[in-house]
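[1] sequence first, then the predicted structure:
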2 protein chains.
Amino acid sequence: MIDGQSNRLDGERVNIGEIAKRAGVSRSTVSYALSGKRPVAAATARRINEVIAELGYRPNASARALAEGRTRTLGLVIPPASRRLTDVQLGFVATVVEEAAANDLDVLLSPSGADHDRSFERIVTGRRVDGVILMEILLDDPRVARLERGALPFVSIGHVEHPGRSWWVDVDYAGLVRRCVHHLADLGHRQVVLINRSTELVAAGYGPALRATAGFQEAAAQRGMTARTVCCADEPAAGLSCFEEIRTRWPGVTAAVTINEAALPGLQRALHNAGLVVPRDFSITGVIADRLAEEFHPPLTAADVPAAQMARIAVELLIERITDPSATPRHALLQPVISLRSSTGANLS
Amino acid sequence: MIDGQSNRLDGERVNIGEIAKRAGVSRSTVSYALSGKRPVAAATARRINEVIAELGYRPNASARALAEGRTRTLGLVIPPASRRLTDVQLGFVATVVEEAAANDLDVLLSPSGADHDRSFERIVTGRRVDGVILMEILLDDPRVARLERGALPFVSIGHVEHPGRSWWVDVDYAGLVRRCVHHLADLGHRQVVLINRSTELVAAGYGPALRATAGFQEAAAQRGMTARTVCCADEPAAGLSCFEEIRTRWPGVTAAVTINEAALPGLQRALHNAGLVVPRDFSITGVIADRLAEEFHPPLTAADVPAAQMARIAVELLIERITDPSATPRHALLQPVISLRSSTGANLS
DNA sequence: CAAGCGAGTCGAACCGGTTCGACTCACGAG
DNA sequence: CTCGTGAGTCGAACCGGTTCGACTCGCTTG
């Protein structure tokens, strides 16, 4: 309906003044007709809308942002591309964008880490966004401090050690891993291993990795099990060598809990090479995106990471915090169900 | 609606006027000291920089965009989240963001399709970005027309049928698939099948899917082979049923070429279920992201889709087009090498 | 009938930068 | 000695919106 027509200006120089002139009113009247913040006579409004439709006018976003003091844009800080995004993170990004769009907000992406601090800094201090969603934060994250100092509303995925007045959404890794361990204990397993994320992430204080370890050891101790833990780089090759190492060092281990999605293909191949049949010879469970759990062979019994749900909640919380900067902090700790598929079985050894 | 007078952190309401006042100069002098567009005395520049550092001042991005007439932001139109992003697309997005950051540009994301036209429209007409990268375009894409009418520089990933004056980056699907077919012919295969993307995409006129088909049939005809083609939804389950159908309908087929990455896990399982050993009983090749090709068991001989390279080139071209709007259109048709791994072998039947 | 009120409109003052023209001053060339 | 020149600076005019105060009506209301 905006097609072709007689907009010879081709959307180039049309601003609110041009609309006002052609409609025979002042610029402020056009603005009020658009925002509805003051009454405008029906006849005037109709004239204005006709001119707007004819010229295909849209308010300039920068001018509006400058005048209003808000940009109608959210910032999303993603992990650097070098550390490949996992499937879960990917779904998360996509859902954030959709959810923001549903609220007429745009999303500005910023890579973090490495030498991308310029980008992060530009977004934070340049008033380019009204608020920020921070992915994959560390237990003691400098960016959190930076955002707090900048007085910019933000919601983090994952929480810092002592979340004082902060807003966040997280998955209860400790609780989920604990339940996985109990599940294995119920099936008669006595020696289990946790296949964690990479050594670097653990060293950097990545929350989920640390909390998974804690939950793992707590539950194993409670059930009197022998608990081993290994770190594994986030890539298939590492999954393979990691599993071979496990078999060599601890041949008595009969089950694994993992939160490392990227290593799964390698794990799969290692099991195949060792001639092990899942779950007859070895059980596997953990916290894994449902899609990946179903791609495994056999499908993995696992806690599904609810990335889309987290994204929706994060956007919702952020909008709330932006709208009311003095609101009391809110957060959500999600504990998704464990989907029973086919990768765990009784310990027969 | 922040009461400007009240309080807020001292460092937060700083603008160029405040810097000018404290440094004892005019606003324009501060601006010139920052941009270097006119000479400023060394002593003055030092005073200004001291004040800026002391107050932690950063220019307001909206104000600058309004005055300069450019936003220092690129738009990236991604496929809707509903149609899950593939691994390749994900790598592409991440690399675009990094490459843009390297050029001090930010990236605004816009989902397309479905009911997200508002978002697309907002970005195009609101002058929110200086240029746009369009992912996964169709052979006859309405968004291309929209961007051309809006006089907004853009680069597309994939090209329309008759790329007149447009800028684009693409992978030579036809050529790659052709080479895959020749490779299989050289190994003695006589009956081959193309496992394409989904029926919907093909019907919608998705370029790579159509060009892959064309290249496939051309090469097969040239080598006197029997060529079958099937469409397969972009998901593991479809890969499984799709392969079973192939075995039933055309039992003589001994090799497959695929450009459908998402279906690979299902394909893997179908092969396993059928008791087929790759490449002894069946050969597989195609156009696949290197990471996925290596996760397959055995690793796939395939043309690696160079997502990162495409992203870098796309950003580069877009910047060039923005800088010089009258430049003659440029494009890049990439023909990556085919990595010989272990999934193709001689036809023994 | 004066006063009060709310709908409808306008002009002007912002928001925070960039940029252009003009002015001053010191210095070297004619 | 005068003139031209360029470094260095300032003030003012933008960019394109939003918003506030004030003004004009026509209509109650006391």
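    Thanks, I have it. Residues are numbered from 1 along each chain as shown, chains lettered A, B, ... in the order given.
[2] quick check, A:Asp170 in a strand?
    Yes - membership of A:Asp170 in a strand is supported by DSSP: H, G, I helix; E, B strand; the rest coil.
[3] pretty sure it contacts A:Pro336?
    No - because the distance of 11.7 Å does not satisfy C-beta atoms under 8 Å, A:Asp170 is recorded as not touching A:Pro336. C-beta: built from backbone N, CA, C; applies to glycine.
[4] list the residues that contact both of these two?
    The contact sets of A:Asp170 and A:Pro336 do not overlap (C-beta atoms under 8 Å, 6 or more residues apart in numbering or on different chains).
[5] low-confidence bits of chain A, can you list those?
    Low-confidence segments of chain A (pLDDT under 70): A:1-12, A:81-87, A:113-116, A:138-140, A:163.
[6] how about the strands of it, start to end?
    A:73-78, A:106-111, A:131-134, A:154-157, A:168-171, A:191-196, A:226-231, A:255-258, A:283-287, A:301-303, A:331-334, A:338-339 (DSSP state E).
[7] including mean neighbour count and distance to chain B, could those strands go into JSON lines?
    JSON lines is the format used below for the strands of chain A (neighbours: other C-beta atoms under 10 Å in any protein chain shown; distance: least, C-beta to the nearest C-beta, whole Å):
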{"stretch": "strand A:73-78", "mean neighbour count": "25", "distance to chain B": "7"}
{"stretch": "strand A:106-111", "mean neighbour count": "24", "distance to chain B": "5"}
{"stretch": "strand A:131-134", "mean neighbour count": "24", "distance to chain B": "12"}
{"stretch": "strand A:154-157", "mean neighbour count": "26", "distance to chain B": "15"}
{"stretch": "strand A:168-171", "mean neighbour count": "24", "distance to chain B": "18"}
{"stretch": "strand A:191-196", "mean neighbour count": "24", "distance to chain B": "17"}
{"stretch": "strand A:226-231", "mean neighbour count": "17", "distance to chain B": "21"}
{"stretch": "strand A:255-258", "mean neighbour count": "27", "distance to chain B": "16"}
{"stretch": "strand A:283-287", "mean neighbour count": "26", "distance to chain B": "16"}
{"stretch": "strand A:301-303", "mean neighbour count": "27", "distance to chain B": "16"}
{"stretch": "strand A:331-334", "mean neighbour count": "14", "distance to chain B": "19"}
{"stretch": "strand A:338-339", "mean neighbour count": "17", "distance to chain B": "16"}
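[8] would you mind telling me which of these is nearest B:Ala100?
    Smallest distance to B:Ala100 across those (C-beta to C-beta): 8.7 Å, for strand A:106-111.
[9] in its sheet, what does the closest one sit against?
    Here strand A:106-111 is paired, per DSSP bridges, with strand A:73-78 (parallel), strand B:106-111 (antiparallel).
[10] give me the contacts around the first one.
    I take that to be strand A:73-78. Residues outside strand A:73-78 that contact it (C-beta under 8 Å, 6+ apart): A:85, A:89, A:93, A:96-97, A:100, A:105-112, A:120, A:123-124, A:128-135, A:143, A:315, A:318, B:94, B:97, B:108-109.
[11] go again using 7 Å as the cut-off
    Outside strand A:73-78, the residues that touch it by C-beta atoms under 7 Å, 6 or more residues apart in numbering or on different chains are A:93, A:96, A:100, A:105-112, A:120, A:123, A:128-135, A:318.
[12] how many neighbours does the closest residue to DNA strand C within the stretch 201-349 of chain A have?
    Closest to DNA strand C within the stretch 201-349 of chain A is A:Pro325: 16.5 Å, counting by C-beta to the nearest atom of the strand. A:Pro325 is flanked by 10 other residues according to other C-beta atoms under 10 Å in any protein chain shown.
[13] now for it: which residues touch it?
    A:Pro153.
[14] for it, grab phi and psi.
    Per-residue torsions, A:Pro325: phi -60, psi -20 (degrees, to the nearest 10).
[15] measure it to A:Ser166 for me?
    A:Pro325 sits 14 Å away from A:Ser166, going by C-beta to C-beta, to the nearest Å.
[16] how about the contacts made by the spatially most central residue of chain A?
    With the centre of chain A defined as its mean C-alpha position, the nearest residue by C-alpha atoms, centre = their mean is A:Phe92, 4.2 Å away. Taking C-beta under 7 Å, 6+ apart, we find A:Phe92 in contact with A:135, A:307, A:310-311.
[17] out of the strands paired with strand A:106-111, flag the one nearest DNA strand D.
    Nearest to DNA strand D, of all those, is strand A:73-78, at 15.1 Å by C-beta to the nearest atom of the strand.
[18] tell me how far the closest one is from the chain's mean position?
    How far strand A:73-78 lies from its chain's middle: 11 Å, per C-alpha atoms, centre = their mean, to the nearest Å.
[19] ditto for stretch A:141-149
    Between the centre of stretch A:141-149 and the centre of its chain there are 18 Å (C-alpha atoms, centre = their mean).
[20] just stretch A:127-136 next, same as before
    With C-alpha atoms, centre = their mean as the basis, stretch A:127-136 stands 12 Å off its chain's centre.
[21] so A:Ala289 makes contact with A:Glu261?
    Yes - counting by C-beta atoms under 7 Å, A:Ala289 does reach A:Glu261; the two are 6.2 Å apart.
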